[in-house]
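Colleague: Model the following, please.
(chains A, B and C)
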Amino acid sequence: MAKPVNPNPGLFDEPADTPEAPQAPRVPNAAYETILSWDALDALLAKISTAELTALDTETNSLDEMRAELVGISFSVSVGEGAYIPLAHNYPDAPEQLPREEVLAKLKHWLENPAAKKLGQHIKYDRHVFANHGVEVQGYAHDTMLQSYVLEVHKPHGLSSLAERHLGRSGITFEDLCGKGVNQITINQVDIAKVSEYACEDTDQTLDVHGVLWPQIQLDAGLGFIYQLEIESSEALYRIERNGVLIDAPTLAAQSHALGVRILQLETEAHELAGQPFNLSSPKQIGEIFFTKLGLPVVKKTATGAPSTDEEVLEKLAEDFPLPAKILEHRGLAKLKGTYTDKLAQLALPRTGRVHTHYAQAVAVTGRLSSNDPNLQNIPIRTPEGRRVREAFVAGVGNVIASADYSQIELRIMAHISGDAALLGAFRDGLDVHKATAAEVFGVAVEQVTSEQRRYAKVINFGLIYGMSAYGLARNLGIDNQAAKNYIQRYFERYPGVKDYMDRTREEAKAKGYVQTVFGRRLYLPEIGSPNGQRRAGAERAAINAPMQGTAADLIKLSMVKVQQVLDAEQRGTRMIMQVHDELVFEVPEAEVDWLTIEIPRLMAGVADLKVPLLAEIGVGPNWDKAH
DNA sequence: TAAGTCACG
DNA sequence: ACGTACGTGACTTAT
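Modeller: Residues are numbered from 1 along each chain as shown, chains lettered A, B, ... in the order given. As a prediction, the model looks like this:
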């Protein structure tokens, strides 16, 4: 039977998949107020000044937080109520609004007062928006997005999802207001009454969601600790994003040009070898040329059954044929040019030449950050040509770049959690851990370990962190299954504590449906009980990896918070400018280099007292490449 | 919008 | 017998 058409989607939709969600009656709109006079603003200010906690939200003309301008501000101090101050609605015949800068001047004291406690959904964004108007908001105590991330990392964290899931409330959507696709308009072009309803609903629902989630967090000391860490990290991340990183555009342009010349040359050569023109960037067309026209052997297939042309396949085919090598080189260079050397300078702010990434704090299920627009966490380093991109990450006049990274952080965490005596001993003795592993697995003295054996041990150690199988290890080392099995068996004989940890973790995941980091972050594994063996096995591997990756994420967040706190307290000129999972990058006045090279590693190593020492190493140079 | 590929830790 | 290493984001092609 066909569902009846809903004339007003979003407003009256039933929550589809949350039978446990309570059904609250829709809030009467009468309690939502639009502020258009100074008297009304004064009354609002009086109200929020005495409130215990105020939900605060901005409406803007852009999702790009560095460029977004305020269109209006909404507030709620009790559930069911709300107030909206329209500031920059400029459609034809829009009512006269209070002047934006004067309103902000009036609100500035309250906004910047740390004692005036505030709540928001994704507060890092709003911090940027206010900062764009010269206001540095203080007193942000809560963020419902981060509450959800801490409590239910595997579920969506958008406000509308939270309101549906926890309150059974729905509301006006952004698309209802502004449309979508090419016809989408910005919120300043939308009727004030409609936006007021929408904006008040946002702060109202935020306060309402907070009332449900915050008590749940308070029930568990570990979750409370992690939540506080997330709140403090949010501010540190805001500072990093705001600082941005200086990009040397001419260097990138020169690299782009050189890459372009070589790419064209490779195209010509590839077309000649193929006997016809084709698009070297199209795996489909490569497949046709390789496997249909030239009759090359199919090495492996993709997820959808098509013959694969990925790097591994091309390497293999390049042993016997000339064309795959051309494509391989073309792929690499086109990736560098298209993703990095062409793009990074475009994303810099013209006035400052700095790029400002966005760190997503509630995306990665392990507790890690992710970085986007641009992603500064996947800048090349593994090949010499790629690594040159890092030469374009530079410091301003009188400054240098410093990079501090945790050494072997995940293996150290594995040693801590497992308590394995041999692994703990290796770290306590300051050994080269891969070499030590090789000595154990191959049964030779540490001094006798060959570079080949060390390389094997390194792959094994990585494999352990990823919850490897013999099959996976065999593929990675290019050895047969039985040999891989033997290595793993040998490893577990030498490091029985690690074996126990792996077994315990699988059991814990199955019993509880989640695993935890050292600091109490929970990582849910919905597929751990799946009847599908493949999915279940995947969840088991994730269960083994998550405590290590997640604890490492906790540690670097602790470091970011601590380091920023010290930089502020000592009024240093050093600025934190990037985070890359186990690495923090700084722009440092030359006069502070001596201080920083001692103090940052000390701070990073000191954020936690584990059964193994933490080690952070730091390098300094004129650019990010030379700082390693 | 999905698929394939590849950049990072 | 199965057939994958854990976690991300961006680009290009093709539908």
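Colleague: Next, the contact list for the residue nearest to the spatial centre of chain A, please.
Modeller: Nearest to the geometric centre of chain A sits residue A:370, at 1.5 Å (Cα atoms, centre = their mean). Contacts for residue A:370 were tallied using Cβ atoms under 8 Å, 6 or more residues apart in numbering; they are A:359-360, A:363-364, A:377. Every C-beta, even on glycine, is put in place using the N, C-alpha and C of the backbone.
Colleague: Over to residue A:163?
Modeller: The neighbours of residue A:163, taking Cβ under 8 Å, 6+ apart as the test, are A:169-171, A:205, A:208-209.
Colleague: Of those - the most surrounded one?
Modeller: Using other Cβ atoms under 10 Å as the neighbour criterion, residue A:205 leads these with 28 neighbours.
Colleague: close enough to count as contact, that one and residue A:170?
Modeller: No. Applying Cβ atoms under 8 Å, one finds residue A:205 not in contact with residue A:170, separated by 9.4 Å.
Colleague: do you know how far residue A:48 is from residue A:234?
Modeller: Distance of residue A:48 to residue A:234, given as Cβ to Cβ, to the nearest Å: 21 Å.
Colleague: same deal with residue A:55?
Modeller: Using Cβ to Cβ, residue A:55 is found at 16 Å from residue A:234.
Colleague: if you count what's nearby, which of these two comes out ahead?
Modeller: Each of residue A:55 and residue A:234 has its neighbours counted (other Cβ under 10 Å); residue A:55 has more, 30 against 24.
Colleague: Contacts only, for that one.
Modeller: Applying Cβ under 8 Å, 6+ apart, the residues near residue A:55 are A:75-77, A:118-120, A:203-204, A:206-207, A:210.
Colleague: Let me know the closest of these to residue A:549.
Modeller: Lowest distance from residue A:549 to these (Cβ to Cβ) belongs to residue A:120, with 28.0 Å.
Colleague: Give the full set of residues in contact with that closest one.
Modeller: A:55-57, A:126, A:140, A:142-144, A:206.
Colleague: Around DNA strand C, pick out the residues from the stretch 451-600 of chain A.
Modeller: Residues of the stretch 451-600 of chain A lying close to DNA strand C (Cβ under 7 Å from any atom of the strand) are A:459-460, A:462-463, A:466-473, A:476, A:533-534, A:537-538, A:541-542, A:545-546, A:549, A:581.
Colleague: The residues you listed in strands, which ones?
Modeller: Among these, no member is found in strands (DSSP state E).
Colleague: Report the buried members of those.
Modeller: Buried members of these, counted by 16 or more other Cβ atoms under 10 Å: A:459-460, A:463, A:466-470, A:473, A:476, A:538, A:542, A:545-546, A:549, A:581.
Colleague: Doesn't residue A:405 lie inside a strand?
Modeller: Yes. Remark: residue A:405 belongs to a strand, assigned using DSSP: H, G, I helix; E, B strand; the rest coil.
Colleague: Measure how buried it is and give me the count.
Modeller: 20.
Colleague: That one contacts residue A:616, doesn't it?
Modeller: Yes. Judged on Cβ under 8 Å, residue A:405 makes contact with residue A:616 at a distance of 6.7 Å.
Colleague: Which of the contacts of residue A:370 fall in helices?
Modeller: Judged by DSSP state H, helices contain none of the contacts of residue A:370.
Colleague: Pick out the most distant pair among the residues you listed.
Modeller: For the contacts of residue A:370, the farthest-apart pair by Cβ to Cβ is A:363 and A:377; their separation is 11.8 Å.
Colleague: Could you check which of those two is surrounded by more residues?
Modeller: The neighbour count for residue A:363 versus residue A:377, taken as other Cβ under 10 Å, is higher for residue A:377 (17 against 14).
Colleague: Tell me who's in contact with residue A:354.
Modeller: Per Cβ under 8 Å, 6+ apart, neighbours of residue A:354: A:243-247, A:348.
Colleague: Could you rerun that using 10 Å?
Modeller: A:66, A:242-247, A:347-348, A:396, A:577, A:587 (Cβ atoms under 10 Å, 6 or more residues apart in numbering).
Colleague: With residue A:537 instead?
Modeller: Applying Cβ under 10 Å, 6+ apart, we find residue A:537 in contact with A:467, A:469, A:527, A:530.
Colleague: So for residue A:405 and residue A:616, which residues contact both of them?
Modeller: In contact with both residue A:405 and residue A:616: A:556, A:582-584, A:601, A:604, using Cβ under 10 Å, 6+ apart.
Colleague: in the stretch 351-500 of chain A, which spans are helices?
Modeller: Using DSSP state H, counting those that start in this stretch, the helices found in the stretch 351-500 of chain A span residues A:384-387, A:409-418, A:421-428, A:433-442, A:451-465, A:470-477, A:481-494, A:496-512.
Colleague: Which of the shared contacts of residue A:405 and residue A:616 are buried, as a PyMOL select command?
Modeller: To isolate the buried ones among these in PyMOL, judged by 16+ other Cβ under 10 Å, type:
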select buried, chain A and resi 556+582+583+584+601+604
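Colleague: Narrow the shared contacts of residue A:405 and residue A:616 to those in helices?
Modeller: A:556, A:601, A:604.
Colleague: Can you narrow those residues down to the ones near DNA strand B?
Modeller: Okay, of these, nothing touches DNA strand B (Cβ under 7 Å from any atom of the strand).
Colleague: How about the residues of the stretch 251-400 of chain A by DNA strand B?
Modeller: Contacts of the stretch 251-400 of chain A with DNA strand B, taken as Cβ under 7 Å from any atom of the strand, map to A:283, A:302-306, A:308-311, A:313-314, A:328, A:331-332, A:335-336, A:339, A:377-383, A:386-387.
Colleague: shared neighbours, residue A:205 and residue A:170?
Modeller: Shared contacts of residue A:205 and residue A:170 (Cβ under 10 Å, 6+ apart): A:160, A:163-164.
Colleague: Out of these, which is nearest to DNA strand B?
Modeller: Closest to DNA strand B out of those is residue A:160 (16.7 Å), distances taken as Cβ to the nearest atom of the strand.
Colleague: for that closest one, what are its contacts?
Modeller: A:10, A:121, A:169-174, A:201-202, A:205.
Colleague: Would you confirm that residue A:72 contacts residue A:58?
Modeller: Yes. Under the criterion of Cβ atoms under 10 Å, residue A:72 makes contact with residue A:58 at 7.5 Å.
Colleague: got the phi/psi numbers for residue A:304?
Modeller: Note on residue A:304: backbone dihedrals following degrees, to the nearest 10 are phi -100, psi 0.
Colleague: Quick check: it vs residue A:292, distance?
Modeller: Distance, residue A:304 to residue A:292, by Cβ to Cβ: 17 Å.
Colleague: Can you report how many residues neighbour the nearest residue in space to residue A:592 that is not next to it in sequence?
Modeller: Take residue A:592 and drop its neighbours on the chain: the residue closest to it by Cβ to Cβ, 6 or more residues apart in numbering is residue A:574, 5.2 Å away. With neighbours defined by other Cβ under 10 Å, the count for residue A:574 comes to 22.
Colleague: mind listing what residue A:574 touches?
Modeller: Contacts for residue A:574 were tallied using Cβ under 10 Å, 6+ apart; they are A:399, A:402, A:563, A:566-567, A:586-589, A:591-593, A:595-596, A:599-600.
Colleague: same question, residue A:209
Modeller: Residue A:209 makes contact with A:55, A:79, A:119, A:121, A:144-145, A:147-148, A:159, A:161-163, A:165-167, A:169, according to Cβ under 10 Å, 6+ apart.
Colleague: Show me those that map onto strands.
Modeller: Among these, DSSP E puts A:55, A:119 in strands.
Colleague: Select from the contacts of residue A:209 the one having the most neighbours.
Modeller: Neighbour max across the contacts of residue A:209 (other Cβ under 10 Å) = residue A:55, 30 neighbours.
Colleague: that older thread, okay, residue A:304 and residue A:292: which has more neighbours?
Modeller: Each of residue A:304 and residue A:292 has its neighbours counted (other Cβ under 10 Å); residue A:292 has more, 10 against 5.
Colleague: Name the SS class of the more buried one, please.
Modeller: helix.
Colleague: how far away is it from DNA strand C?
Modeller: Distance of residue A:292 to DNA strand C, given as Cβ to the nearest atom of the strand, to the nearest Å: 14 Å.
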